[in-house]
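Asker: Attaching a predicted model along with its sequence, questions to come.
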Amino acid sequence: MAEPMEIVDVDAWEVLDSRGRPTVAAAVRVAGGGYGEAAVPSGASVGSHEAHELRDGGERYAGRGVRTAVENVRTTLADTVKGRDASDQQAVDEALLAADGTKNLERLGANAVLAVSLATAKAAADQHRVPLYRYLAGDQLTIPLPMINIVSGGAHAGGAVDIQDVLVVPVAAESIADALETVVRVRAATVEVAETDGHRANLVADEGGLGVTLPNNRSALELVVRGIEHAGLRPGDEVALAIDVAATQFYRDGRYVLAAENRELEAADWVAELAQWARDLPIVSIEDPCADDDWDAWALATKELGGIQLLGDDLFVTSAERLRRGVDEDIANAILVKPNQNGTLTGARQVVRQAHKAGYATVLSARSGETEDSWLSDLAVGWATGQIKVGSTTRSERTAKWNRLLRIAREVGAEAAYAGGAVVRRG
Ligand SMILES: O=C(O)[C@@H](CO)OP(=O)(O)O
Ligand SMILES: [Mg+2]
């Protein structure tokens, strides 16, 4: 007789992500009947050092399939995990990595590997009859502070402005429900301000942010500050700003090329400009201010902007090795964690632990191409990441995560603390 936790069935199929492109869903069943399925997301501003997402034809954008990734789950990866103990996540993940055998999962695909990794955890949780966040939990459960996209640019909005996201952080809110309600008010008020300015604010970007075309990057931040004020809230004290610059996207031959402003800057001038924004505006967090391999510029940014949260996404790509270099060289002070950049649940979890040990803050993040699956919220609570970034409050693949957090908060009550605004650095 098989042990109840023994993996007996693995399946996979193609589903659509929120951009209408195919992505991978996988299912795992254990002998005791526990069942889990998970769909993996897909990015647009993809870091060059990320684990490899397998797409037939190698094309990210042309709607090309993920048939090979799905096939890899049904064959090689199914053979790899069948018979294994689903409750030993680390052993399952190590076996998945070994089956691929390449550093960045180029052979079988990080999308295939992560789908199986997640479905395994969900099946084990189901077998234990506990929700995923509890199954994954360490010492404590924490409801994360959200950072939420209001205005979009860059690769998510056809380059309306150069910086990719202007987000808000409801720093004074005392619960996730209060935080979301605050942001919903800011969003509505920002739409009103943008329309008064003559913009068509009904154009939304990949993550539901407003895709308004503005004369320059700084005015995207100022628009959101006016939105906060128009909502009757105090910028900085009640609602702060965060930016995802995603600078790799506009880094060309050693210079930062602001196409929306028709300007090109040396790294030092670009960092000085960001520092000026941080002095003038209520910014608490800047993600990817510099390009992913421009470590010198990052070091300078850390020196100039170190009073606020400096978040490495394309820089660290949820990689233990790149984070180690960051910590060793005193670069950045926070890491964006995207499980599909890493490839396995165990790998991403270790990076969260490594960051916390080094005193780096962690922000768990969705991708711009998402599905309605909401496992990310469970990870944020169980792993106590402290912060989460999911996109806007206006698209269902995003609200699936926000609504899951509301449900978890209700379920756990006082057992889980709300991280609150104290987890972001302020200048
Ligand atoms: O850059 C980012 O942080 C993410 C999410 O906003 O975008 P993408 O999934 O396109 O990499
Ligand atoms: Mg980013």
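Answerer: Happy to help now that I have it. Numbers count the residues shown, from 1 in each chain. Ligands and ions are numbered 1, 2, ... in the order given.

Asker: which ones are touching Gly421?
Answerer: Residues counted as contacts of Gly421 (C-beta atoms under 8 Å, 6 or more residues apart in numbering) are 145, 169-173, 240. For every residue, glycine as well, the C-beta is placed using N, CA and C.

Asker: Could you list the low-pLDDT ranges of the stretch 101-250 of the chain?
Answerer: 159 (pLDDT under 70).

Asker: What backbone torsions are found at the closest residue to ligand 2 within it?
Answerer: Residue nearest to ligand 2 within the stretch 101-250 of the chain (C-beta to the ion): Asp244, separated by 4.4 Å. Dihedral pair for Asp244: phi -110, psi 100, per degrees, to the nearest 10.

Asker: Just give me the neighbour total for it.
Answerer: Asp244: 28 surrounding residues under other C-beta atoms under 10 Å.

Asker: Repeat that for Arg410.
Answerer: 10.

Asker: Next: Gly254.
Answerer: 11.

Asker: Show me which residues of the stretch 101-250 of the chain sit near ligand 2.
Answerer: Within the stretch 101-250 of the chain, the residues that sit near ligand 2 (C-beta under 5 Å from the ion) are Asp244.

Asker: which residues of the stretch 101-250 of the chain fall in helices?
Answerer: 110-128, 132-136, 176-196, 217-230 (DSSP state H, counting those that start in this stretch).

Asker: tell me the most buried of these?
Answerer: helix 110-128 (a mean of 27; mean count of other C-beta atoms under 10 Å).

Asker: Please work out which residue of the stretch 301-427 of the chain is closest to ligand 2.
Answerer: Asp313 (3.6 Å).

Asker: for that residue, phi and psi?
Answerer: Dihedral angles (degrees, to the nearest 10) for Asp313: phi -110, psi -80.

Asker: and it, what is it in contact with?
Answerer: Neighbours of Asp313 in contact, by C-beta under 8 Å, 6+ apart: 47, 244, 246, 287-288, 336, 338, 365.

Asker: Which residue, other than its chain neighbours, is closest to it?
Answerer: Leu336 (3.9 Å; C-beta to C-beta, 6 or more residues apart in numbering).

Asker: State the three-state secondary structure for that neighbour.
Answerer: strand (DSSP: H, G, I helix; E, B strand; the rest coil).

Asker: which residues pair with it across the strands?
Answerer: Val363 (DSSP bridges).

Asker: right, and it touches Asp292 too?
Answerer: No: contact between Leu336 and Asp292 fails when scored by C-beta atoms under 8 Å: they sit 11.9 Å apart.

Asker: Pull up the residues of the stretch 301-427 of the chain that are close to ligand 2.
Answerer: Asp313.

Asker: so where do the helices sit in the stretch 301-427 of the chain?
Answerer: Using DSSP H, counting those that start in this stretch, helices in the stretch 301-427 of the chain cover 320-328, 339-342, 345-357, 375-382, 396-412.

Asker: domain assignment for this protein?
Answerer: In terms of domains, the chain is parsed into 7-129, 136-423 (source: automatic domain parsing).

Asker: wait, does the shortest one make contact with ligand 1?
Answerer: Okay, so that is domain 7-129. Yes: counting by C-beta under 6 Å from any ligand atom, contacts between domain 7-129 and ligand 1 involve 43-46.

Asker: what residues does the stretch 151-300 of the chain put near ligand 1?
Answerer: By C-beta under 6 Å from any ligand atom, the residues of the stretch 151-300 of the chain that approach ligand 1 are 164-165, 207, 244, 246.

Asker: out of those, which is most surrounded?
Answerer: Going by other C-beta under 10 Å, Gln164 tops those with 33 neighbours.

Asker: Ser18 touches Ala205, doesn't it?
Answerer: No: in this structure, Ser18 is not within contact of Ala205 by C-beta under 8 Å, at 11.2 Å.

Asker: before we move on, the earlier item: adding neighbour count, write the contacts of Gly421 out as a markdown table.
Answerer: Shown next, in a markdown table, are these (neighbours: other C-beta atoms under 10 Å):
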| residue | neighbour count |
| --- | --- |
| Leu145 | 25 |
| Val169 | 28 |
| Pro170 | 26 |
| Val171 | 21 |
| Ala172 | 17 |
| Ala173 | 21 |
| Ala240 | 26 |
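
Asker: out of those, which one sits closest to Ala332?
Answerer: Val169 (17.5 Å; C-beta to C-beta).

Asker: Just list the residues touching Glu229, thanks.
Answerer: Pro235.

Asker: And for Ala173?
Answerer: With contacts defined as C-beta under 8 Å, 6+ apart, Ala173 is in contact with 179, 181-182, 420-421.

Asker: For stretch 348-359, give the mean pLDDT please.
Answerer: For stretch 348-359, the mean pLDDT works out to 98.

Asker: Begin at 41, not 1, for the rest of this chat.
Answerer: From this message on, residue numbering opens at 41, which makes the last subject stretch 388-399.

Asker: ok, residues contacting that stretch?
Answerer: Under C-beta under 8 Å, 6+ apart, the answer for stretch 388-399 is 176, 356, 358-360, 363-364, 367, 373-375, 377-379, 382, 401-402, 404, 419, 423, 425.

Asker: Okay, buried residues for it please.
Answerer: Across stretch 388-399, burial judged by 16 or more other C-beta atoms under 10 Å covers 388-392, 394-396.
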